[in-house]
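> coordinates only, sequence not included:
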């Protein structure tokens, strides 16, 4: 058995966890969105959530942030945890006249000088006095990152940070996140579709499809049959031969169907 | 002579009351516009008549009963929207018209009291008493003070609610207080333009102000200013030409809106052709 093989159950949480989810299940309108999620976020670690559309990635972020209450299980947060959050696709109606500076100042009590400094740090200092509706998608992502930084976050939660960024410049966004992680020693939890950058930038990858399909270091996850089943073989490091031996199947709704009792044994590693 | 003093008196009361209401309705209206709550405000305003009827039935203060009914309806709306059984605009349509009709039916049941329905539907600013003026002043000041405290969190929520909540804004409390403010403004503005036209006093000046403003605060101040202009112009016009006052104020607000947008839209062309002319 390969000792690097990712395993289904989550890592046991160390005591310095920023946020921990214990057996979290979320149902919305009778549908199961998330099922029995265990995970733990720590300072200085980048964890990336990947998964197909409708896998519940954004819902999981919202539960961890406290924006949605889980239907079962519970979330524990470090006391007085400062979170910098970068939501997906933020569009501000042009009927609201607001500059980038003012947008940043909404983060809380911050000195005016800090606003400019945070923007410089994410590389868009020149936008300070622009109306926020005039910036491009990529600039908006950097502005949101700057607003997250103003909170001096212990944890950055980023929902598709490279969305709307030109493919050629996505690398810069991930490099920036990596820099910020090192400078502030904050934990990072992000959702991303840019699989090759995920594989390069993450310490741990969680492959989500309502439940946690597999989790572990990027290389190990990219060889996991569950990962290959969801993303195919042609992607990032996914050059391992596809030997599908996993212990469960999914029905049309994505629910887990146990196939055979013996399959609970960990015999899935390639 | 005494009679002419009385005439001046009620006109002055009307001007003061109208301007006070416009000063509160303008800034609050900017949020109604930003948060796309125009129809929500309209629905609450429609229910105000039910508040009037209940106030008469239970012999309560009419302002308080209107505020109570508006708040109750706001909570009901939020609850129903959370259920997500029907689209929001359908819900608003159902509640707006059924509460208005219920209000009119309830008014018909009141025995021994004759209510001037038109005054409640379209306003009767010339009948503002000192008592009403006290309510407008008190309610308006309270609303402005609360709005001042709510400004930053409410603006943060308006820009992005999830982001604001993660940053520690108590979103539920802030939305509740915002709805309370709308209810207060509806109660005090009912005298001026009537339940059917109240939302226009919040929305039209705010929409007019957008063209001139480059910050949220500017837009609020401009909205208050345009509201005052609309009240003064509409009231003056209605005295001059003997037109219904509430609708005259709304017409004046709409004229300002059209004029500002026309001027700002045509300004670049005007400048260009003037340059060409004087070359």
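On my side now, so go ahead. For clarity, every value in this text was computed on a predicted model and none was experimentally measured. Residues are numbered from 1 along each chain as shown, chains lettered A, B, ... in the order given.

> Enumerate the residues of chain A near chain B.
A:29, A:62, A:65-67, A:83, A:85, A:87, A:90, A:92-93, A:95-99, A:102-103, A:106-108, A:131, A:147, A:151, A:157 (C-beta under 8 Å from any C-beta of the partner chain). (Each C-beta comes from the backbone N, C-alpha and C, glycine too.)

> now those residues: which count as buried?
Buried members of these, scored by 16 or more other C-beta atoms under 10 Å in any protein chain shown, are A:62, A:65, A:67, A:83, A:85, A:87, A:90, A:92, A:96-99, A:102-103, A:106-107, A:131, A:147, A:151, A:157.

> Restricted to helices, list those.
A:62, A:65, A:102-103, A:147 (DSSP state H).

> Farthest-apart pair in those residues, please.
Between any two of those, the greatest separation by C-beta to C-beta is 26.0 Å, found for A:62 and A:102.

> For the stretch 101-250 of chain A, which segments count as helices?
Per DSSP state H, counting those that start in this stretch, the stretch 101-250 of chain A carries helices over the ranges A:112-121, A:137-150, A:170-184, A:195-201, A:218-222, A:225-231.

> ugh, typo on my part, it should be chain B
Under DSSP H, chain B gives helices at B:2-34, B:38-57, B:62-83, B:88-109, B:117-122, B:130-159, B:161-166, B:171-193, B:198-210, B:216-241, B:245-278.

> out of those helices, deepest packed?
Sort those by mean neighbour count, taking mean count of other C-beta atoms under 10 Å in any protein chain shown, and helix B:198-210 sits at the top with a mean of 27.

> Which strands or helices does that one pack on?
helix B:2-34, helix B:38-57, helix B:171-193, helix B:216-241, helix B:245-278 (3 or more C-beta pairs under 8 Å, 6 or more residues apart in numbering or on different chains; DSSP states H and E).

> and residue A:35, which of the ones you listed is closest to it?
helix B:171-193 (27.5 Å).

> quick one, what contacts the closest residue to residue A:96 other than its chain neighbours?
Leaving aside its sequence neighbours, residue A:96 sits nearest to residue B:34 (C-beta to C-beta, 6 or more residues apart in numbering or on different chains; 4.8 Å). By C-beta atoms under 8 Å, 6 or more residues apart in numbering or on different chains, the residues touching residue B:34 are A:93, A:95-96, B:158, B:216.

> cool, and residue B:80?
Going by C-beta under 8 Å, 6+ apart, residue B:80 touches B:86, B:91.

> give me that answer again for 7 Å
Contacts for residue B:80 (C-beta atoms under 7 Å, 6 or more residues apart in numbering or on different chains) come out as residue B:91.

> any idea how far it is from residue B:177?
Look at residue B:80 and residue B:177: by C-beta to C-beta, to the nearest Å, they are 20 Å apart.

> Now do the same contact list for the residue of the stretch 101-250 of chain A at minimum distance from chain B.
In the stretch 101-250 of chain A, the residue that lies nearest chain B is residue A:106 (4.2 Å; C-beta to the nearest C-beta). Residues in contact with residue A:106 (C-beta under 7 Å, 6+ apart) are B:152, B:155-156, B:159.

> What separation is there between whichever residue of the stretch 1-150 of chain B sits closest to chain A and residue A:28?
Minimum separation of the stretch 1-150 of chain B from chain A (C-beta to the nearest C-beta) falls at residue B:34, amounting to 4.8 Å. With the distance defined as C-beta to C-beta, residue B:34 ends up 28 Å from residue A:28.

> got it, and residue B:218?
Taking C-beta to C-beta, one finds residue B:218 at 40 Å from residue A:28.

> of all the residues in chain B, which ones are close to chain A?
B:33-34, B:152, B:155-156, B:158-160, B:162-163, B:165-167, B:210, B:213-216, B:219 (C-beta under 7 Å from any C-beta of the partner chain).

> repeat that for 10 Å
With C-beta under 10 Å from any C-beta of the partner chain as the criterion, chain B meets chain A at residues B:30-31, B:33-36, B:83-84, B:152-153, B:155-169, B:171, B:206-207, B:209-219.

> who's in contact with residue 21?
No chain in the question, so chain A it is. A:10, A:13, A:34, A:36-41, A:60, A:63-64, A:70, A:73-76, A:212 (C-beta atoms under 10 Å, 6 or more residues apart in numbering or on different chains).

> The chain in question should be chain B.
B:125, B:128, B:136, B:139-140, B:185, B:188-193, B:198, B:201, B:227-228, B:231, B:249.

> Likewise for residue B:81?
Residue B:81 is in contact with B:40, B:87-88, B:91-92, counting by C-beta under 10 Å, 6+ apart.

> What lies in contact with stretch A:117-124?
Stretch A:117-124 has contacts (C-beta under 10 Å, 6+ apart) with A:100-101, A:104, A:107, A:110-111, A:125-128, A:130, A:135-136, A:138-151, A:172-173, A:176-177, A:179-180, A:183.

> redo that, cut-off 8 Å
The contact list for stretch A:117-124 (C-beta under 8 Å, 6+ apart) reads A:100, A:104, A:125, A:127-128, A:135, A:139, A:142-143, A:145-147, A:149-150, A:172, A:176, A:180.

> and if you look at stretch B:136-147?
The contact list for stretch B:136-147 (C-beta under 8 Å, 6+ apart) reads B:17, B:20-21, B:23-24, B:27-28, B:63, B:128, B:154, B:177, B:180-181, B:184-185, B:187-188, B:191.

> repeat that with 6 Å
B:17, B:20, B:24, B:181, B:184, B:188 (C-beta atoms under 6 Å, 6 or more residues apart in numbering or on different chains).

> cool, stretch A:154-161 as well?
Contacts of stretch A:154-161 (C-beta under 6 Å, 6+ apart): A:18, A:58, A:61, A:81-88, A:141, A:148, A:173, A:186-191.

> Filter the residues you listed down to the buried ones.
By neighbour count, with 16+ other C-beta under 10 Å, those hold A:18, A:58, A:61, A:83-88, A:141, A:148, A:173, A:186-191 as buried.

> Turn the ones in helices among the buried ones among the residues of chain A next to chain B into JSON lines, columns for pLDDT.
Output for these, formatted as JSON lines (pLDDT from 0 to 100):
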{"residue": "A:62", "pLDDT": "90"}
{"residue": "A:65", "pLDDT": "91"}
{"residue": "A:102", "pLDDT": "92"}
{"residue": "A:103", "pLDDT": "93"}
{"residue": "A:147", "pLDDT": "91"}
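
> just those now: which is nearest residue B:111?
Nearest to residue B:111 among those: residue A:62, at 54.1 Å, using C-beta to C-beta.

> show me what contacts that closest one?
By C-beta under 6 Å, 6+ apart, the residues touching residue A:62 are residue A:68.

> Next: residue A:141.
With C-beta under 6 Å, 6+ apart, residue A:141 has these contacts: A:161, A:165.

> Could you rerun that using 8 Å?
By C-beta under 8 Å, 6+ apart, the neighbours of residue A:141 are A:86, A:161-165, A:173.

> of those residues, the lowest pLDDT goes to which?
Lowest pLDDT within these is found at residue A:164 (75).

> roughly how far apart are that residue and residue A:157?
Residue A:164 is 18 Å from residue A:157, by C-beta to C-beta.

> contacting residues around the closest residue in space to residue B:61 that isn't next to it in sequence?
Closest residue to residue B:61 apart from its sequence neighbours, by C-beta to C-beta, 6+ apart: residue B:55 at 6.7 Å. Counting by C-beta under 8 Å, 6+ apart, residue B:55 touches B:61-62, B:64-66.

> what about the nearest residue to residue A:98 once chain neighbours are set aside, neighbour count?
Nearest non-adjacent residue to residue A:98, counting by C-beta to C-beta, 6+ apart: residue A:132, 5.4 Å away. By the measure other C-beta atoms under 10 Å in any protein chain shown, the count of residues near residue A:132 is 22.

> residues in contact with residue A:132?
Contacts of residue A:132 by C-beta under 8 Å, 6+ apart are A:92, A:98-100, A:103, A:140, A:143.

> so what's the backbone phi/psi at residue B:110?
Main-chain torsions, residue B:110, degrees, to the nearest 10: phi -70, psi 130.
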